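A.B. asks: give me a 3D structure for the following:
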Amino acid sequence: MGTFKTKSDYEELRNARIVENQARLATLGLQKTLSELRSLNSLPKSDKAHIRKYCKVDYSAAPLRRSARLVGEPPSSEDGKLSLGEDGDTEKDLRRRSRISKEALRQRSESKARGGAYDPVNGISCHFCKVKKLCCEEDCKRCGYLDMDQPCIGKTDCSVCHSSNGIFCRACLLVRYGEEMEDVRSNKEWMCPHCTEEKGTKPYWICNSSTCLKKWRKMIPTGIRIALSQAREMKYKSVAHLLMDVLQTSKSRQIGDDEDTE
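C.D. replies: Numbering: from 1, shown residues only. The predicted model follows:
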């Protein structure tokens, strides 16, 4: 008997909650909304004509468009004849390269001194400024014509490591290390500051990029404008020459302090 009594109490409590919830829905006006939604599903097909239907398109019957370059077929001009340039380029390639060359010429006067024009896709990143740029040099086929098979003559290349540590733009090379791009380009045995330090051919000659100073020497980066202005005021050729003198002086003082301690 106790089991039936408990079930009866539960049913009464459940019914009371249902009545309470229905009253709350009625006060909020939701009961009418639910009934309207149900009536929409029961409408005849003629009343649902305004509803947009989804039509699946079958693309299997349409021919696929494929590039002539991908299928190995030579591109043709409008008259059916293939027009090539001196290096086997099509008319479209020649027009594209001519347009790029004019753009490089326009930017060269204002960008060459700073190391080139910014290009996040085709540019080469400088080890110091970390900016991907086109060099805008007059005879650079890579940056002038976007020929990726050619080397960039406006960026340095270390003869030892041939790594990103030896890539510098014209501006950073001159300001931070006191070297001209033409001199580096003519020197086939030019070494970057990293390799120069490893070989020991130039004492206290280090790379003064922020990454190298923090990672390898645990030094605070010199900054761009402060170190440059300080080097000019002190009549140094570049920031690297200033640091070379500072490191040499610091080493001499350390040796003198060690001798005095002994």
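
A.B. asks: show me where this structure has its strands.
C.D. replies: Taking DSSP state E as the criterion, the chain contains strands spanning 117-118, 124-125, 132-134.

A.B. asks: what are the contacting residues of the second one?
C.D. replies: Contacts of strand 124-125 from elsewhere in the structure, counted by CB atoms under 8 Å, 6 or more residues apart in numbering, are 131-135, 152, 155, 164, 167. (Each C-beta comes from the backbone N, C-alpha and C, glycine too.)

A.B. asks: and the strands of the chain: which comes nearest residue 8?
C.D. replies: The closest of the strands of the chain to residue 8 is strand 132-134. By CB to CB, the value is 79.8 Å.

A.B. asks: quickly run through the sheet partners of the closest one, with directions.
C.D. replies: In the sheet, strand 132-134 lines up against strand 117-118 (antiparallel), strand 124-125 (antiparallel) (DSSP bridges).

A.B. asks: out of these, deepest packed?
C.D. replies: Among the strands paired with strand 132-134, the stretch with the highest mean neighbour count (mean count of other CB atoms under 10 Å) is strand 124-125, at a mean of 18.

A.B. asks: which one (most neighbours) among the contacts of strand 124-125?
C.D. replies: Within the contacts of strand 124-125, most neighbours by other CB atoms under 10 Å means residue 155, with 29 neighbours.

A.B. asks: show me what contacts residue 123?
C.D. replies: Counting by CB under 8 Å, 6+ apart, residue 123 makes contact with 116-117, 131-134, 143.

A.B. asks: again, but for residue 203
C.D. replies: Residue 203 is in contact with 244, 248, counting by CB under 8 Å, 6+ apart.

A.B. asks: I'd guessed residue 150 sits against residue 141; true?
C.D. replies: Yes - between residue 150 and residue 141 there is a contact at 4.2 Å, judged by CB atoms under 8 Å.

A.B. asks: between these two, who's got more neighbours?
C.D. replies: Legend: neighbour count by other CB under 10 Å for residue 150 and residue 141, higher for residue 141 (16 against 13).

A.B. asks: so what pLDDT did the residue lying closest to residue 118 once chain neighbours are set aside get?
C.D. replies: Sequence neighbours aside, residue 133 is the residue nearest to residue 118 in space, at 5.5 Å (criterion: CB to CB, 6 or more residues apart in numbering). Looking at residue 133, its pLDDT is 89.

A.B. asks: what's the answer for the one 4 residues further on, then?
C.D. replies: pLDDT, the model's per-residue confidence, is 85 for residue 137.

A.B. asks: what's the nearest residue to it if we skip its chain neighbours?
C.D. replies: Distances taken as CB to CB, 6+ apart place residue 154 nearest to residue 137, at 4.2 Å, with adjacent residues excluded.

A.B. asks: and the pLDDT for that neighbour?
C.D. replies: Note on residue 154: pLDDT of 91.

A.B. asks: any idea how far it is from residue 241?
C.D. replies: Plainly put, residue 154 is 23 Å away from residue 241 if you go by CB to CB, to the nearest Å.

A.B. asks: these two: who's more crowded?
C.D. replies: Between residue 154 and residue 241, counting by other CB under 10 Å, residue 154 is the more crowded of the two (24 against 18).

A.B. asks: my read: that one touches residue 136, true?
C.D. replies: Yes - contact criterion CB under 8 Å: residue 154 and residue 136 qualify, at 6.9 Å.

A.B. asks: now for the two: what residues contact both?
C.D. replies: Joint contacts of residue 154 and residue 136 (CB under 8 Å, 6+ apart) are 116, 143.

A.B. asks: quick revisit: and the residue nearest to residue 137, how far is that from residue 23?
C.D. replies: With distances taken as CB to CB, residue 154 is found 81 Å from residue 23.

A.B. asks: quick check: bridge partners of the residue lying closest to residue 123 once chain neighbours are set aside?
C.D. replies: Nearest non-adjacent residue to residue 123, counting by CB to CB, 6+ apart: residue 132, 3.4 Å away. According to DSSP bridges, the partner residues bridging residue 132 are residue 125.

A.B. asks: my understanding was that residue 132 contacts residue 117; is that so?
C.D. replies: No - contact criterion CB under 8 Å: residue 132 and residue 117 do not qualify, at 10.3 Å.
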